[in-house]
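Participant: Requesting a structural model of the entry that follows:
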Amino acid sequence: MHQNSVNADSLISDPDSSTSSSDIHHVFAHNALVNVRSKDRSSACANARKSIDARPSTMGYIAKALAQIGIGEPEKAVQVLDLAFANCNPDESNLLLLIKAIVLFVARQCDTAISRVHDLIAVLRDNETKYCCFQVLANMYHLQGDHVRAVESLDKGQGLAPSCIGSDLETISLIFGFGWTFDELPITAQRRHCEALYASGRVEEAKEALLNILDSFGEEIHTKGWVMDLKGKCIDELESLGDMALSSGEDDNAITQYTSALSLDPSNPVDILLKRSKAQASKELWEEALMDANEVIERDPSSYRGYERKYVALHGLGNYGEAANAHLRMLSIIENSSEEEVRLLRANYTARSETITVINSAISQISGLCPRVLIDVEYGRLCDNQERIQMFKSEIPFKKIVSETAMTKIDPAQIRQSVAKYFKWVMFSHTWEGREPTFKDVNLVHSVWELDASPLNEKLRQFCRTARDDGYRWAWSDTCCIDKETSAILNQSLVSMYSWYEKAAETLVYLADVPPSSEPGDLALTNSRWMTRAWTLQELLASKVIRFYNRDWKLYLNDKHANHKESPEIKQELAKAMGVAPETIRSFRPEDLGVREKLRLASTRNATEEEDIAYSLLGIFSSDIIPQYGLKKTTLGQLLENIVDRTGDVTVISWTGQALPYNSALPDSLRVYSQGPYSAPPMEVNELDACVEQLRTQLAPQDALAFYYRVIRLPRATFRNRCLKLPCIMFNVSKIDKIQENLYRATVSCLGDVEFRTTDVMPRKQPRKLVFVYPWIPDLREFSDGSVSDDEAETESDVGSSDEPASDAGSGDGTDDASERVSPPDVDSLARVNPSILPALRLIARLGRSFNALLLKGQSNKQQFKRVATEHEIIVPGVPYETNHSNIQVGELEVI
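Facilitator: Reported below is the predicted structural model:
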């Protein structure tokens, strides 16, 4: 049919050529087709009828069918084509079915037409005709605007294309004319498909379709105007989508969009590369971020932004040296830019020298808090502060701090935190078990790892291993980190040790006598030797984070808490063993416990050196005494003296037993503090009110007020140069009798007969050298609930502002007056300041309760006294309410 149509076309194009009668039906058929194209419908119908009349043929019927469509009779057109099947060759039937579908499509029965083509494809075995059907089907979809299905149809037919494409499709093109040419169909369909995807917002799919076009149709397609326009639109839209994703923190999506945009090969990709590098850095894709930064620098070496992104990527990779170089290059470009706007950006960045200045300041602050010498657990060497600083400045953490502050304004607090992280250290707490490795031993072999094999050396090594496994670089052990042969270093270490434990990252406790088989309830920690040693009390209380290990270096009770002070079981065991609240174990501060409570905790502890009993408590009592070995028990006296002098707490002198030679007011041992001082039963408010009412009827207001003001104006106790200045209420002794060996009875003013036991020799012939004293002045000012009344607080504020000591006491020479009287205050004036007598009566009522009296004995220097050591506390019944309080002596005595 194709050859015939070509010949007919030739006949039409050459009207002068001779036409045989056997070909005349082709001429009429072709004329009809020409008439159809020119929309000369009546001529088309006439020529088609002449063709069929001359000789029925497939082409004649096709021409008549198209003519029928032209005059608006599609049903007749289909009927005409049905007649064509009776006059066509068998090998033309498939093509005729396809043409029939096209006729239906042209007749606007599009769905029916498309369905028929699909049906035809389903039964065809001939690939060439099937290929032709897919081309027709694609064109139908294309003409309908369904470019997706058009492209799908083209793709399906692509694998069926014959080696020589043309005959049937050319026939169809010849028959149907414009709109049914197939040469440009693939690229046209894909273009429309791509444009449709972009218009519907499916930019990524449009990009893929465009890339397919560029890959499929050769280099010449790249310069097409519509291609360049569509490519530009896709790039802009993908970049915009990437920007939105980046600003909202959707880094993965941003990377995807920027990558899609770059796949279209934009003419200037610098901005997109910079933004993709930023998104990659946010995802810590440092290698990819660096590649993009380097490409930006290669394309635009004068842009500071490429070096900025390169610095970020190199910093993320941990290549801080190259990062610093990139940063310097960036600053140089900014500073030398011809654009003022760029030069102003310099204020947003930090130079290396500025950062190092702040780092040095942080190092100076932190190094002052660290132990003088620490073990480098990586290499086992002992390093002093200067060595650690030099190591820090040569290692990655230092370079990282310099690098990470380069792009921001300096934050000194953040830098200090980063510096402190490097210098963190771990403290060791244990009990000495023999000849432990010393400072000299470790320095001799240069490393703890090189020490001889021995159990005690292995203990030190295992401590270092554990600290290293916990992620720390530095560790401290009292065995080898103190040069004990240098007294200045030793003394400085003793004074600083509490602070070192307090500021350490953690403390590791080795319990050498606790077996790994210990279980909850065994109280192995409670019964360990570690709980009996003087220094370990400080180490336990000062440490913020602590972990206990048994003798096999396994966690005590297999407790996995990062901090055993947070472990309910261990914390409760420690609290019960020590007799304190669990909260005290968890977060002890020196000010949290009273003086007497801290002395009680220390009373059960032992030390090999007598001096260590005192020196191990320096931090717990915030004492500033200067250590000096060789003083033996004198150091205990110095400590207790310092405690009283700083705090004014006279409960330190409430004890029984032997006195310390340092001062008679102090005990020979801390063990006397294992029991608390005597405390009278608390006076309930109702009881106190009843006593006050009774005193109103018995005491003259002026006498009560005078006594009250003398008491509350007493200064607090001071203790210096072995001399205790003790504010107190005094009761003179008029007579003393020896009842039996070491047992005496004294007749005491206001108190009556008082019995006591002592091994001291009593001056029976000079009883007036003795004086009983009440030194617990703070107790008189307190309510039974521990508070101070508003009236008393106001009174103390009014009358206690004098800078001079308020003392009534003088010589204590054993005469009837154990103290020299001073003129009492002007009661009338004081009454005008505070007209209420209630505070005075409350104070006197409290003094009427039983109390622990101390017995002092006057010395040859009539102004000084020594305490008489007794076997038991001297508990007296209190001052009777009916006593004339104006005769009671109040003042300050010197106790040596």
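Participant: can you list the weak-confidence ranges in the stretch 201-350 of the chain?
Facilitator: Of all residues in the stretch 201-350 of the chain, none has pLDDT under 70.
Participant: where do the helices sit along it?
Facilitator: Using DSSP state H, counting those that start in this stretch, the helices found in the stretch 201-350 of the chain span residues 203-216, 225-247, 251-263, 270-282, 286-299, 304-316, 320-335, 340-343.
Participant: Next: the stretch 651-800 of the chain.
Facilitator: Remark: helices assigned in the stretch 651-800 of the chain by DSSP H, counting those that start in this stretch are 685-698, 701-712, 777-781, 790-799.
Participant: Rounded mean pLDDT for the longest one, please.
Facilitator: What it means is helix 685-698. On average, the pLDDT along helix 685-698 is 91.
Participant: now do stretch 100-108
Facilitator: Stretch 100-108 comes out at a mean pLDDT of 84.
Participant: if we can go back for a sec, same list (the helices of the stretch 201-350 of the chain) but as TSV, adding mean neighbour count and distance to residue 679.
Facilitator: Using the backbone N, CA and C atoms, a C-beta is placed for each residue, glycine as well. Shown next, in TSV, are the helices of the stretch 201-350 of the chain (neighbours: other CB atoms under 10 Å; distance: least, CB to CB, whole Å):
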stretch	mean neighbour count	distance to residue 679
helix 203-216	18	84
helix 225-247	17	70
helix 251-263	21	68
helix 270-282	23	66
helix 286-299	19	69
helix 304-316	24	65
helix 320-335	19	64
helix 340-343	11	77
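Participant: Reformat these as a markdown table; add distance to residue 535.
Facilitator: Output for the helices of the stretch 201-350 of the chain, formatted as a markdown table (distance: least, CB to CB, whole Å):
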| stretch | distance to residue 535 |
| --- | --- |
| helix 203-216 | 70 |
| helix 225-247 | 58 |
| helix 251-263 | 54 |
| helix 270-282 | 51 |
| helix 286-299 | 49 |
| helix 304-316 | 45 |
| helix 320-335 | 42 |
| helix 340-343 | 62 |
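Participant: among the ones you listed, which is nearest residue 727?
Facilitator: Nearest of the helices of the stretch 201-350 of the chain to residue 727, taken as CB to CB: helix 320-335 at 64.5 Å.
Participant: who's in contact with that closest one?
Facilitator: By CB atoms under 8 Å, 6 or more residues apart in numbering, the residues outside helix 320-335 that reach it are 302-304, 307-308, 310-311, 314-315, 342-343, 345-346, 349, 351-352, 396, 399-400, 402-403, 406-407.
Participant: Contacts only, for the residue nearest to residue 297 when sequence neighbours are not counted.
Facilitator: With sequence-adjacent residues excluded and distances taken as CB to CB, 6 or more residues apart in numbering, residue 297 is closest to residue 306, at 3.9 Å. With contact taken as CB under 8 Å, 6+ apart, residue 306 is in contact with 270, 274, 293, 294, 296, 297, 300.
Participant: Please identify the deepest-packed of the helices of the stretch 651-800 of the chain.
Facilitator: helix 701-712 (a mean of 22; mean count of other CB atoms under 10 Å).
Participant: just checking, what packs against that helix?
Facilitator: helix 777-781, helix 790-799, helix 827-833, helix 838-847, strand 889-895 (3 or more CB pairs under 8 Å, 6 or more residues apart in numbering; DSSP states H and E).
Participant: State the pLDDT value of residue 77.
Facilitator: On the pLDDT scale, residue 77 gets 81.
Participant: Is it in a helix, a strand, or coil?
Facilitator: Classification of residue 77 using DSSP: H, G, I helix; E, B strand; the rest coil returns helix.
Participant: Next: the one 4 residues further on.
Facilitator: Remark: residue 81 carries the secondary structure label helix [criterion: three-state DSSP].
Participant: need the contact list for it.
Facilitator: 61, 62, 65, 96, 99, 100, 103.
Participant: where does it land on pLDDT?
Facilitator: 81.
Participant: and what of residue 140?
Facilitator: 87.
Participant: so how many other residues sit close to it?
Facilitator: Neighbourhood size, residue 140 [other CB atoms under 10 Å]: 22.
Participant: Residue numbering should commence at 19 henceforth.
Facilitator: Sure, I'll start numbering at 19, so the last one becomes residue 158.
Participant: Residue 547 versus that one, what's the distance?
Facilitator: Using CB to CB, to the nearest Å, residue 158 is found at 98 Å from residue 547.
Participant: now residue 392
Facilitator: Distance of residue 392 to residue 547, computed by CB to CB: 26 Å.
Participant: And the pLDDT for residue 25?
Facilitator: The model reports residue 25 with a pLDDT of 41.
Participant: quick one on the thing from earlier: okay if I get the helices of the stretch 669-818 of the chain as TSV plus distance to residue 57?
Facilitator: Shown next, in TSV, are the helices of the stretch 669-818 of the chain (distance: least, CB to CB, whole Å):
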stretch	distance to residue 57
helix 703-716	120
helix 719-730	126
helix 795-799	122
helix 808-817	116
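Participant: So which of the ones you listed is nearest residue 56?
Facilitator: Closest approach to residue 56 among those (CB to CB): helix 808-817, 119.2 Å.
Participant: Comparing residue 392 and residue 547, which residue is more hemmed in?
Facilitator: Counted by other CB under 10 Å, residue 392 and residue 547 do not tie: residue 392 has more neighbours, with 26 against 15.
Participant: tell me which residues form a beta bridge with that one?
Facilitator: residue 401 (DSSP bridges).
Participant: Need the pLDDT of it.
Facilitator: 98.
Participant: what separates it from residue 405, distance-wise?
Facilitator: According to CB to CB, residue 392 and residue 405 sit 9 Å apart.
Participant: next one: residue 663
Facilitator: Distance of residue 663 to residue 405, computed by CB to CB: 40 Å.
Participant: More neighbours: these two, which one.
Facilitator: Here residue 663 and residue 405 are compared on neighbour count by other CB under 10 Å; more neighbours surround residue 663, at 17 against 14.
Participant: Please save the CA atoms from the host helix or strand of the more buried one in PDB.
Facilitator: Secondary structure assignment for residue 663, by DSSP states H and E: helix 652-665. Coordinates of each C-alpha in helix 652-665 appear next as PDB, following Å, rounded to 0.1, in the frame of the first residue of the first chain:
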ATOM      1  CA  THR A 652      50.800  19.900 119.500                       C
ATOM      2  CA  THR A 653      49.200  19.800 116.100                       C
ATOM      3  CA  LEU A 654      45.900  18.700 117.600                       C
ATOM      4  CA  GLY A 655      46.100  21.600 119.900                       C
ATOM      5  CA  GLN A 656      46.800  24.000 117.100                       C
ATOM      6  CA  LEU A 657      43.800  22.600 115.100                       C
ATOM      7  CA  LEU A 658      41.300  22.900 118.000                       C
ATOM      8  CA  GLU A 659      42.600  26.300 118.900                       C
ATOM      9  CA  ASN A 660      42.100  27.400 115.300                       C
ATOM     10  CA  ILE A 661      38.600  26.000 115.200                       C
ATOM     11  CA  VAL A 662      37.500  27.800 118.400                       C
ATOM     12  CA  ASP A 663      39.100  31.100 117.300                       C
ATOM     13  CA  ARG A 664      37.500  31.100 113.900                       C
ATOM     14  CA  THR A 665      34.100  29.900 114.900                       C
END
